[in-house]
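Q: can you look at this prediction? I've put the sequence above it.
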Amino acid sequence: MIVKEYSTKPAQFRFPRWAHEFLAQESAATGASKTEIITEALAAYRTKRFEESMIEGYVAMADENLADAKLWEGALMDGMGPEEW
């Protein structure tokens with residue numbers, strides 16, 4: 001998924017030699033510009049980080065819910081045994 005922006009801002013970055021070589025090879029092989037390749041990689045990284053933060057949030061929420069359940073467990077039973085239906 002290539003994210004196309006309507007405006008751009010010039011930037012200068014220093015990449016290791018292997019990254020320059022990889023970008024040149026990928027650009028030649030796919031016909032995509034180096035900027036498009038980097039933009040696609042950044043979009044994938046942004047999605048990955050978003051998913052990781054969502055998982056962390058769900059884990060934290062589950063931990064809170066479990067703590068609440070344990071807190072109320074004793075009060076809900078109120079010393080009574082399990083009911084038979």
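A: Ah, there it is. Numbering: from 1, shown residues only.
Q: can you list the buried residues in whichever strand or helix holds residue 28?
A: Assigned by DSSP states H and E, residue 28 belongs to helix 17-30. Neighbour-count burial for helix 17-30 flags 23, 26 (criterion: 16 or more other C-beta atoms under 10 Å). (C-beta placed from N, C-alpha, C; glycine too.)
Q: distance from that helix to the middle of the chain?
A: Relative to its chain's centre, helix 17-30 lies at 26 Å (C-alpha atoms, centre = their mean, to the nearest Å).
Q: what does it rub up against?
A: 15, 32, 33, 34, 37, 38 (C-beta atoms under 8 Å, 6 or more residues apart in numbering).
Q: recalculate using a threshold of 6 Å.
A: Contacts of helix 17-30 with the rest of the structure, by C-beta atoms under 6 Å, 6 or more residues apart in numbering, involve 34, 37.
Q: C-alpha coordinates for it, PDB please?
A: Coordinates of each C-alpha in helix 17-30 appear next as PDB, following Å, rounded to 0.1, in the frame of the first residue of the first chain:
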ATOM      1  CA  ARG A  17      25.400   1.600   2.200                       C
ATOM      2  CA  TRP A  18      23.200  -1.600   2.200                       C
ATOM      3  CA  ALA A  19      20.100   0.500   2.400                       C
ATOM      4  CA  HIS A  20      21.100   2.700  -0.600                       C
ATOM      5  CA  GLU A  21      21.900  -0.400  -2.600                       C
ATOM      6  CA  PHE A  22      18.700  -2.100  -1.600                       C
ATOM      7  CA  LEU A  23      16.700   1.000  -2.600                       C
ATOM      8  CA  ALA A  24      18.400   1.300  -5.900                       C
ATOM      9  CA  GLN A  25      17.800  -2.400  -6.700                       C
ATOM     10  CA  GLU A  26      14.100  -2.300  -5.600                       C
ATOM     11  CA  SER A  27      13.600   0.900  -7.600                       C
ATOM     12  CA  ALA A  28      15.100  -0.700 -10.700                       C
ATOM     13  CA  ALA A  29      13.200  -4.000 -10.200                       C
ATOM     14  CA  THR A  30       9.700  -2.500  -9.500                       C
END
